[in-house]
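K.L.:
requesting a structural model of the entry that follows:
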Amino acid sequence: MDGLTKKWENGEISNFEYLVILNTWAGRTYNDLMQYPIFPWVIADYDSSVLDFAKSETFRDFSLPMGAQAADRLAQFRKRYKELCELGSETSPYYYGTHYSSAMIVSSFLVRSEPFTDFFLRLQGGHFDLPDRMFHSVKEAWLSASTRNNADVRELIPEFFYLPEFLENKNKFDLGKKQSGTELGDVVLPNWARGSSREFVRIHRAALESPYVSSNISQWIDLIFGFKQSGDAALDVHNLFHPLFYEGQVDVFSIQDPLQRNAAIGFINNFGQIPTKLFNKPHPQRKGPWNRVSIAEATLIAGLKNAFYHKLNQVRASEKALIERTGKVGSILINERGDLKALPFGRIRAGATKDVLWQNPDFSIRYLASDSEKPIAIYEDLYRQPVTVAATLGEELLFLGHKDTSISAWQTDLKQKTISLARVMRGHGNLITSLCCLPEYGVLISGCKDGRVNIWDVSTFKLIRLVGVHNGEIKDLKACWITGDIFVASSRQISVYSINGDQLGSVQTEKVTCIGAPAGREWERPRMVLSGHSDGSIRVWARELVPCRNSSLGSNSSQDSACWGMSGTFWEERLVLRSKLAIPSNNEAESIGVTCFGISHDHSRFYTGDSKGRVFKRKFAARFCLSL
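P.N.:
Next up, the predicted model:
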């Protein structure tokens, strides 16, 4: 633990990642609702339309447990503790008879998402709870846990910081109506979320990574995982729970009376258990903000001042091509050191050190070393149908899109020089035009000439989702390895989808040839999309929430995932044109389409490849090219 804690202190690990690590070391797991990972309430302001991270009032008090957040309620808990002391019971006195994490707390937060809906119903005897007791509003849940309800001292779960879908009732479960007549559906969000579950999660995660939380989260770690978990240190900060919640306090198997033993086990199962103690002294504070100093993780540094999209009017292209080759550029690779390599169409990277040549006149597949061009393996007579596009998942999986609408999946063993057909995948009605692997999410994304986009599970090779049918041929597909967002370029349209197939934005534009998107930190704005066009131009789009008016919308209107109702006004995520970058001068680009993008790890520059085999660089310059 010392090494990981030191990394967190130095800003090499985010707050979110560090809390996940601590939960794992303390025995918490996603596989057990009774031992589910614990995350803190972070924000205390659920009324403002805009959060101010510079104000301490925006945040909860991290030095105190949830039961001590409000003085009035704490007085009642202190009274209970005093009474238990005076009774002289065999049970050690405590402030709180309920816990901050339990199977019921977890399943109630996640009740709108399967399989947690089923778990919740099992715990509730086959039916939903009374509507007034269901998780319905983030603000109400905060007030209940911090102020109003003496039986509620719950903390949060990790999903509040990365999974917007759990806040949406997409399955249309009948959760009932409250006594006020309000029908339960999507979770009611604070004003600053603008009615968007994705915006709520983004801002919530931004708050977790903010300087204030980074400076104070160590105090919460002391309460949950550290020396203030029990004993005199816990007594000083009012952090004592019922003895049965503590690991090792009671050996339930030594209880002779079966009724008492079963009662103790049931108590622990129903009300939760405190994590294993990890620290016996105060947890060190963070020395600075999260800076991601490791080069391997530098792609996450999206907020750098020299990112090209912050000053688009100062970005221009190199006068001369950096690389010139025969045939169109298929992909541009940039390693951690910033070294640049352009691969022609028909050649793709497989793993870190190997390339695949798939567009060969003899219909063979050839693997070779990326640096030396040395042949590694040649596989002949693998297929009959012409290959139109290819993608790899490391060195072990090769996907080939065919003219006959199928996708063939091949498992390779380059050491043994073997290759075998794993599956022929069918789900398109026209020839395959684009493939994109997203190994972090275990999926393959495919597009075809008639505009259909599919998502496949790469472990089972089964179709799991259709991501819309677009107007015209799918020209390019990209995906963000951090968020899972999918970017689709069809003939005259650019679209963005979540990994679950929800459309997050779409725009009509001129003839599109390729698409790109910088991979930024999940909580940061702006989120940018690049589009290349047949005339050689480049458009830079920002993904923004835009206020809209619609008199037909009420405060409880249900919109799709990119459009949320709020008192006759709704916010819609759109692709907003930020800039149209000039065509490089004196290079005949007017008739040469952009074929691919390469974006540097620090986002200070990007590269474009074209159909004539040239690569140009774009970065800051003293004078600007063209900005709209």
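K.L.:
how about low-confidence regions in this protein?
P.N.:
The model of the chain has pLDDT under 70 over residues 248-252, 267-269, 288-317, 549-569, 583-591, 620-628.
K.L.:
and the helices in it?
P.N.:
Ranges of helices in the chain, per DSSP state H, are 2-9, 15-25, 71-87, 103-109, 116-123, 138-143, 197-208, 211-224, 231-236, 258-271.
K.L.:
residue 428 is nearest to which of those?
P.N.:
Residue 428 lies closest, by Cβ to Cβ, to one member of the helices of the chain: helix 197-208, at 29.0 Å. C-beta coordinates here come from the backbone N, C-alpha and C atoms, glycine included.
K.L.:
test my guess that residue 576 contacts residue 539.
P.N.:
No - contact between residue 576 and residue 539 fails when scored by Cβ atoms under 8 Å: they sit 10.8 Å apart.
K.L.:
ok, residue 163 - contacts?
P.N.:
Residues in contact with residue 163, defined by Cβ atoms under 8 Å, 6 or more residues apart in numbering, are residue 201.
K.L.:
ok, now residue 153?
P.N.:
By Cβ under 8 Å, 6+ apart, residue 153 lies in contact with 65, 66, 67, 96, 98, 99, 100, 145.
K.L.:
re earlier: higher neighbour count, residue 576 and residue 539?
P.N.:
Neighbour count, other Cβ atoms under 10 Å: between residue 576 and residue 539, residue 539 has more, with 21 against 15.
K.L.:
from residue 23, how far off is the spatially closest residue to residue 278 that is not a sequence neighbour?
P.N.:
Leaving out its chain neighbours, the residue that sits closest to residue 278 by Cβ to Cβ, 6 or more residues apart in numbering is residue 225, at 4.5 Å. Counting by Cβ to Cβ, to the nearest Å, the gap from residue 225 to residue 23 is 8 Å.
K.L.:
joint contacts of these two?
P.N.:
Joint contacts of residue 225 and residue 23 (Cβ under 8 Å, 6+ apart) are residue 275.
K.L.:
burial count for the residue nearest to residue 84 when sequence neighbours are not counted?
P.N.:
Once flanking residues are discounted, residue 84 sits nearest to residue 93: 3.7 Å by Cβ to Cβ, 6+ apart. Using other Cβ under 10 Å, residue 93 has 18 neighbouring residues.
K.L.:
quick one: contacts for residue 527?
P.N.:
517, 520, 542, 543 are the contacts of residue 527 under Cβ under 8 Å, 6+ apart.
K.L.:
if any of the contacts of residue 153 are buried, give me the PyMOL selection for them.
P.N.:
Here is the PyMOL command that selects the buried residues among these (16 or more other Cβ atoms under 10 Å):
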select buried, resi 65+66+67+96+98+99+100+145
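K.L.:
the contacts of residue 153 into CSV, with extra columns for distance to residue 244?
P.N.:
Formatted as CSV, those follow (distance: Cβ to Cβ, whole Å):
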residue, distance to residue 244
65, 17
66, 19
67, 17
96, 12
98, 12
99, 10
100, 14
145, 21
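K.L.:
re earlier: quick one: which of the contacts of residue 527 is nearest residue 607?
P.N.:
Residue 607 has its nearest neighbour among these in residue 517, at 14.5 Å by Cβ to Cβ.
K.L.:
quickly note the distance from that closest one to residue 206.
P.N.:
For residue 517 relative to residue 206 (Cβ to Cβ), the value is 19 Å.
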